[in-house]
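1. turn this into a structure:
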Amino acid sequence: MNQHCHEPVLSLRGVRYAYEHKTILDGLDAEVLERDFVGIIGSNGAGKTTLLKLIVGLLKPNAGEIRLFGEPIHKFTQWHRIGYVPQKNALNPLFPATVREVVLSGLYGKRNLFRRLTDQDKKKGEEALRALHIEDLAERRIGQLSGGQQQRVFLARALINQPDLLILDEPTVGVDAETQESFFQLIRHMHQHHRMTFLMVSHDVEMMKSYLGDKPKQSFGKLNFYVQHTHEPENCGETDLTHSLQAVPAAGVGR
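-> Just a heads-up that it's a prediction; the model follows:
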């Protein structure tokens with residue numbers, strides 16, 4: 001068990017990114033500590049999704065430095081420590097994969113894309129399915145599911161390696177209010193009782209502020225960073241994903 005819970009997970013120093021001569025981010029400085037929950041709120045075009053893509057290595061900054069767990073991003077190799085749930089519209093609805101296959105794909109990194117699944121891998125997959133209350137959907141095609149169901153599948157995929165940092169880009173877009181509440185309840189529980197750090201972009205300002213507070217800790221241009229700390233050492237040790245089942249109801253899962 002980590003008795004400190006305050007190590008830097010993410011550091012941004014002077015980060016700049018421009019696209020087709022349009023500057024999206026310029027000189028961004030920010031730091032995320034272990035077990036922080038950081039909510040990013042901003043208007044359209046403020047650079048929210050761009051920032052997340054820079055952090056997960058899908059884009060490269062034009063200037064500045066990004067560090068993950070103390071390592072410069074260009075040297076960082078432990079991508080299994082990071083879970084990423086992109087925006088829902090990143091999904092091709094015709095993609096011919098089952099829910100179980102999508103969840104298990106979270107185990108594959110660039111170096112082990114074609115390795116054979118072990119019994120331990122399959123166990124991790126079943127735990128992730130149960131933790132998100134989607135085990136009964138395991139053989140369904142991902143494109144046949146509702147928006148709320150799809151988001152739980154992608155969250156299960158991101159959680160299968162029990163990442164230290166979970167990054168969520170508009171995870172509740174297009175789902176009903178009951179499903180949104182259930183989803184927020186789940187990730188609040190995970191933040192409080194699992195050793196995980198959260199970085200989330202959301203359009204649901206009221207839901208975010210209800211957990212993270214009314215005032216941003218930091219503002220940068222049109223981006224506002226709201227932060228909730230959970231650094232009590234006695235809460236830093238939960239590693240069983242299915243522990244969430246005992247605290248979070250399955251309300252809205254089938255919506």
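
2. what about the strands in the stretch 101-250 of the chain?
-> Here the stretch 101-250 of the chain has its strands, by DSSP state E, counting those that start in this stretch, at 165-169, 197-201, 218-220, 223-229.

3. distance to Thr77 added to those, as TSV?
-> Where you see a C-beta, it was placed from the backbone N, CA and C, and this is true even at glycine. Listed next are those as TSV, based on distance: least, C-beta to C-beta, whole Å:
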stretch	distance to Thr77
strand 165-169	15
strand 197-201	19
strand 218-220	29
strand 223-229	27
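
4. of these, which is nearest Lys22?
-> Using C-beta to C-beta as the criterion, the shortest distance between Lys22 and the strands of the stretch 101-250 of the chain is 15.9 Å, found for strand 223-229.

5. does Ile167 touch Gly83 like I think?
-> Yes - the pair Ile167 and Gly83 qualifies as a contact (C-beta atoms under 8 Å) at a distance of 6.9 Å.

6. by mean pLDDT, flag the weakest helix or strand of this structure.
-> helix 177-193 (a mean of 80; mean pLDDT, DSSP states H and E).

7. dump it to CSV, keeping only the CA atoms.
-> Once non-C-alpha atoms are left out, helix 177-193 reads as follows in CSV (Å, rounded to 0.1, in the frame of the first residue of the first chain):
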residue,chain,number,x,y,z
ALA,A,177,-29.7,11.3,-16.9
GLU,A,178,-30.1,8.1,-14.9
THR,A,179,-27.1,6.5,-16.7
GLN,A,180,-25.1,9.7,-16.2
GLU,A,181,-25.8,9.6,-12.4
SER,A,182,-24.9,5.9,-12.2
PHE,A,183,-21.7,6.5,-14.1
PHE,A,184,-20.6,9.5,-11.9
GLN,A,185,-21.4,7.5,-8.8
LEU,A,186,-19.2,4.7,-10.1
ILE,A,187,-16.1,6.8,-10.8
ARG,A,188,-16.5,8.8,-7.6
HIS,A,189,-16.4,5.6,-5.7
MET,A,190,-13.4,4.4,-7.6
HIS,A,191,-11.6,7.7,-6.9
GLN,A,192,-12.3,7.5,-3.2
HIS,A,193,-11.5,3.8,-2.7
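
8. that older thread, need the strands of the stretch 101-250 of the chain in TSV (columns: mean neighbour count).
-> Shown next, in TSV, are the strands of the stretch 101-250 of the chain (neighbours: other C-beta atoms under 10 Å):
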stretch	mean neighbour count
strand 165-169	23
strand 197-201	23
strand 218-220	16
strand 223-229	18
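
9. helices of the stretch 1-150 of the chain, start to end?
-> Secondary structure of the stretch 1-150 of the chain (DSSP state H, counting those that start in this stretch): helices at 48-55, 99-104, 119-131, 147-159.

10. which parts of the third one are buried?
-> Of the residues in helix 119-131, those with enough neighbours to count as buried (16 or more other C-beta atoms under 10 Å) are 124-125, 127-129, 131.

11. residue nearest the centroid of the chain?
-> The chain has Ile167 as the residue nearest its centroid, 2.6 Å off, counting by C-alpha atoms, centre = their mean.

12. can you name the residues bridging to it?
-> Under DSSP bridges, the beta-bridge partners of Ile167 are Tyr84, Leu199.

13. name the nearest of the buried residues of helix 119-131 relative to Gln144.
-> Within these, proximity to Gln144 (C-beta to C-beta) peaks at Leu129, which comes in at 16.2 Å.

14. so how far is Gln185 from the closest one?
-> Note on Leu129: its distance to Gln185, by C-beta to C-beta, to the nearest Å, is 19 Å.

15. check Phe95 too.
-> With distances defined as C-beta to C-beta, the gap from Phe95 to Gln185 amounts to 29 Å.
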